[in-house]
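Undergrad: Next one to model:
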Amino acid sequence: MTKDTEAFKFFRKKLKGINELDHQIFFIQSNNNADQMAFEGACVKRFNPIVNNETWENHKESIAVKEPLKKVIDTMKKELEHFEMNTKIQSIPFTEFKKINSKIKGVYVIYDEKLGVWYVGKGNIRDRQKQHHNKNIGKVK
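TA: Numbers count the residues shown, from 1 in each chain. Prediction:
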């Protein structure tokens, strides 16, 4: 079972009735851990996501101003260029995360129509989305 975090406890309490239909996953594929760490760090710094362990306390009083989707994608493209990562941004609705190849590793951004960027992470893309789904619905230990 997925381990809960303070950030997701806050998210579930503050935003009752999370609707995963409003979530979109944007991800880049990379097996290079250094690239993953650099790209993830840049995205966390730029987007100030709602439930990342490093940033969630910034949102205790209010939810961050939503970045328009086009700006999020443009920023991701700029960071790919900056780190000279030769890969493309892929996207899929959050509810379809099980369709992502189970071997793909990289960095992902979860975007919500109403909230903007609420999570940035790295690792096995599909496995991490399953963990987020479980945290969203409170299926945690």
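Undergrad: list the contacts for the closest residue in space to L21 that isn't next to it in sequence?
TA: For L21, ignoring the flanking residues on the chain, the nearest one in space by Cβ to Cβ, 6 or more residues apart in numbering is T95 at 6.1 Å. No exception for glycine: its C-beta is placed from N, CA and C like everyone else's. For T95, the contact set (Cβ atoms under 8 Å, 6 or more residues apart in numbering) comprises 20-21, 23.
Undergrad: Check the gap between T95 and E20 for me.
TA: 6 Å (Cβ to Cβ, to the nearest Å).
Undergrad: Tell me what P93 is bridged to.
TA: Q24 (DSSP bridges).
Undergrad: now it: how far from R46?
TA: 23 Å.
Undergrad: do M85 as well
TA: 15 Å.
Undergrad: Over to D112?
TA: 17 Å.
Undergrad: what ranges of this protein fall below the confidence cut-off?
TA: 1-2, 15-18, 56, 59-65 (pLDDT under 70).
Undergrad: Can you show me the helices along it?
TA: 6-14, 33-47, 69-82, 125-137 (DSSP state H).
Undergrad: Present those helices as CSV; the columns should include distance to V107 and mean neighbour count.
TA: Listed next are those as CSV, based on distance: least, Cβ to Cβ, whole Å; neighbours: other Cβ atoms under 10 Å:
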stretch, distance to V107, mean neighbour count
helix 6-14, 18, 16
helix 33-47, 5, 18
helix 69-82, 9, 15
helix 125-137, 9, 19
